[in-house]
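Asker: coords please:
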Amino acid sequence: TLIYRGFVDVSAASGKAGSVLFDPKDITIANLGTDTLLDKDEFAESSGSSVTFDAAQITAITSTGAAVTLQASNDITVGEDILTNNLLGTGGGAGGAFKGRGALTLEAGRSVLLRANITTDDAPLKILANRTLLAGVVDNQRDPGAAVIDMRPGTTINSGTALTSLIIENGAGLTNNTSGNITIANIIGGGAEIINNGPTARSSILRASSSSMITAPEIFLELDCGLCTGGGSIGTIAEPMRVTASRLESHIHEAAAGIFIESPTPNQALTIGGVSFPSGNNVEGVQAITSGDITISVNGTLITGTGGPISSPSGTIMLQADDMVLGSSVTAIDGTVVLEPYSTNRDIRIESPSPNVLSLTPSELKLISASTLKIGRTTNIGKLSVVDALSSADLNAGLLVLQHQKVHIDAPVDFAGGVQPAAL
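Answerer: Reported below is the predicted structural model:
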């Protein structure tokens, strides 16, 4: 075990503060008392050592506005709260919300295990696992086993107005580079990007518990394992990723179980698309690019607009919201699209927008392409009313199913593909 002693002052009364880098094989942050830190320069230095030090030695630096990077060729474990209190003011205040002082970066050749809370005082937080040989990981210090980013249930990462990034990379060039899941407890930030690029099939993004929540104006969630066989998911149908956000994008590039999102905060408006990061993102909206189900549930209004397509070549796309404003395509060419309220006692009206109901216009329905389009659900209390006329010209589906506690056809429905009105 290597113990660092001393204090590094890289603050700056005027201008940009410096940064500090620590980099043995394994790092554990725990409450050990008075041991202090001395900086190192590269992954390779002290690469065979395991280091344990107090979180106060990190915050003594970040609270001056200086950045800290912790690099370990194997694992980083955060076992004590890291609570920055930037003496120069909030970290995100200088240079924009995502460019603040006092940034904290954790880089591991294998895993980052978060067993305690992190608060950055509005400075950016970046957590990288399964880093590559090119990034400086010492190959023989990266142990076998799947790389994960794992948050203990109940823990919170809080970057205030700044960006929080959790990324599993592909571990290129390493003898051991298998990957596993990113497991999220609670994240609060000015933005949140969670990306699993691990090369192992079924690597996923999952929640730690039923109360886990990602809270940020913009959220980006992605799986891309390169040439693997896929099989992962973003959330699960039983345990969706819970978010409170204004804008969201999510993509899976390989065959997958699917993308499952819930926005449970009452009266929330969630817009699909328009997320400002990451740079170079060429896929918009929510898309299971190869295959997979998609469920988006919003306890409020679901909005799709410019940059907000929702698509999967096959499978079921389930959109649940007490109101919807559809301005971009929803596509499941060989699958099913389902539109239904979030609440179980809400009426549906197919007509021009109406208050206090799930309102769907014929022009909105025309944006949907599917083998089957279902509107409503059999477990709801309420009435589905077709007030505006529907015709084959309004719909791009092979079969239209109208289902609710009561279904009222109050306008002509002329649908060549076939229509099944069901009133229970």
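Asker: can we go C-alpha only for contacts and neighbour counts from here?
Answerer: Will do.
Asker: residue ranges for the helices of the protein, please.
Answerer: Assigned by DSSP state H, the helices in the chain fall at 55-62, 362-365.
Asker: deepest of the ones you listed, which one?
Answerer: Mean neighbour count (mean count of other Cα atoms under 10 Å) peaks for helix 55-62 among those, with a mean of 24.
Asker: just checking, what packs against that one?
Answerer: Helices and strands touching helix 55-62, by 3 or more Cα pairs under 8 Å, 6 or more residues apart in numbering; DSSP states H and E, are strand 67-72, strand 82-83.
Asker: out of the ones you listed, name the one with the poorest average pLDDT.
Answerer: Lowest mean pLDDT of the helices and strands packed on helix 55-62: strand 67-72, a mean of 93.
Asker: dump that one to PDB, keeping only the CA atoms.
Answerer: This file holds the C-alpha atoms of strand 67-72, laid out as PDB (Å, rounded to 0.1, in the frame of the first residue of the first chain):
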ATOM      1  CA  ALA A  67      -9.200  19.900 -11.200                       C
ATOM      2  CA  VAL A  68      -8.400  16.500  -9.900                       C
ATOM      3  CA  THR A  69      -8.000  13.300 -12.000                       C
ATOM      4  CA  LEU A  70      -7.800   9.900 -10.300                       C
ATOM      5  CA  GLN A  71      -6.500   7.200 -12.600                       C
ATOM      6  CA  ALA A  72      -6.200   3.500 -11.700                       C
END
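Asker: measure stretch 279-299 end to end?
Answerer: With Cα to Cα, to the nearest Å as the measure, the ends of stretch 279-299 fall 30 Å from one another.
Asker: redo the helices of the chain as TSV? Include mean pLDDT.
Answerer: Compiled in TSV, these are given as follows (pLDDT from 0 to 100):
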stretch	mean pLDDT
helix 55-62	92
helix 362-365	94
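Asker: possible to save these as TSV with distance to Ile184?
Answerer: Below are these laid out as TSV (distance: least, Cα to Cα, whole Å):
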stretch	distance to Ile184
helix 55-62	21
helix 362-365	34
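Asker: for the helices and strands packed on helix 55-62, state which one has the densest average packing.
Answerer: Highest mean neighbour count of the helices and strands packed on helix 55-62: strand 67-72, a mean of 25 (counted as mean count of other Cα under 10 Å).
Asker: in its sheet, what does it sit against?
Answerer: strand 19-22 (parallel), strand 104-108 (parallel) (DSSP bridges).
Asker: out of the helices and strands packed on helix 55-62, which is closest to Ile127?
Answerer: Proximity of these to Ile127 was assessed by Cα to Cα; the nearest stretch is strand 67-72, lying at 9.7 Å.
Asker: give me the low-pLDDT residue ranges for the chain?
Answerer: Scanning the chain for pLDDT under 70 picks out 1-23, 32-47, 88-100, 416-424.
Asker: recalculate using a threshold of 50.
Answerer: 1-9, 13-16, 33-36, 39-42, 92-98, 423-424 (pLDDT under 50).
Asker: where exactly do the strands run in the stretch 151-300 of the chain?
Answerer: Assigned by DSSP state E, counting those that start in this stretch, the stretch 151-300 of the chain shows strands spanning 156-158, 163-168, 179-184, 186-188, 191-196, 205-207, 213-215, 218-223, 233-234, 241-244, 247-252, 255-272, 286-288, 291-304.
Asker: in TSV: those strands, plus mean neighbour count.
Answerer: Shown next, in TSV, are these (neighbours: other Cα atoms under 10 Å):
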stretch	mean neighbour count
strand 156-158	24
strand 163-168	26
strand 179-184	26
strand 186-188	23
strand 191-196	25
strand 205-207	25
strand 213-215	23
strand 218-223	24
strand 233-234	29
strand 241-244	26
strand 247-252	26
strand 255-272	21
strand 286-288	28
strand 291-304	24
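Asker: okay if I get those as JSON lines plus distance to Leu399?
Answerer: What follows is the strands of the stretch 151-300 of the chain, written out as JSON lines (distance: least, Cα to Cα, whole Å):
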{"stretch": "strand 156-158", "distance to Leu399": "45"}
{"stretch": "strand 163-168", "distance to Leu399": "41"}
{"stretch": "strand 179-184", "distance to Leu399": "38"}
{"stretch": "strand 186-188", "distance to Leu399": "41"}
{"stretch": "strand 191-196", "distance to Leu399": "36"}
{"stretch": "strand 205-207", "distance to Leu399": "34"}
{"stretch": "strand 213-215", "distance to Leu399": "37"}
{"stretch": "strand 218-223", "distance to Leu399": "32"}
{"stretch": "strand 233-234", "distance to Leu399": "28"}
{"stretch": "strand 241-244", "distance to Leu399": "30"}
{"stretch": "strand 247-252", "distance to Leu399": "27"}
{"stretch": "strand 255-272", "distance to Leu399": "23"}
{"stretch": "strand 286-288", "distance to Leu399": "22"}
{"stretch": "strand 291-304", "distance to Leu399": "19"}
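Asker: which one of the ones you listed lies closest to Leu106?
Answerer: Using Cα to Cα, the nearest of those to Leu106 is strand 163-168, at 9.6 Å.
Asker: just the CA trace of the closest one, in PDB.
Answerer: The C-alpha trace of strand 163-168 is given here as PDB (Å, rounded to 0.1, in the frame of the first residue of the first chain):
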ATOM      1  CA  LEU A 163     -22.400  17.900 -16.700                       C
ATOM      2  CA  THR A 164     -22.200  14.400 -15.200                       C
ATOM      3  CA  SER A 165     -20.700  11.800 -17.600                       C
ATOM      4  CA  LEU A 166     -20.600   8.000 -16.800                       C
ATOM      5  CA  ILE A 167     -19.000   6.000 -19.600                       C
ATOM      6  CA  ILE A 168     -17.800   2.400 -20.000                       C
END
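Asker: and the residue positioned nearest the centre of the chain, what does it touch?
Answerer: Taking Cα atoms, centre = their mean, the centroid of the chain lies closest to Leu221, which sits 3.4 Å from it. Going by Cα atoms under 8 Å, 6 or more residues apart in numbering, Leu221 touches 193-195, 234, 249-251.
Asker: so it bridges to which residues?
Answerer: Ile194, Ser250.
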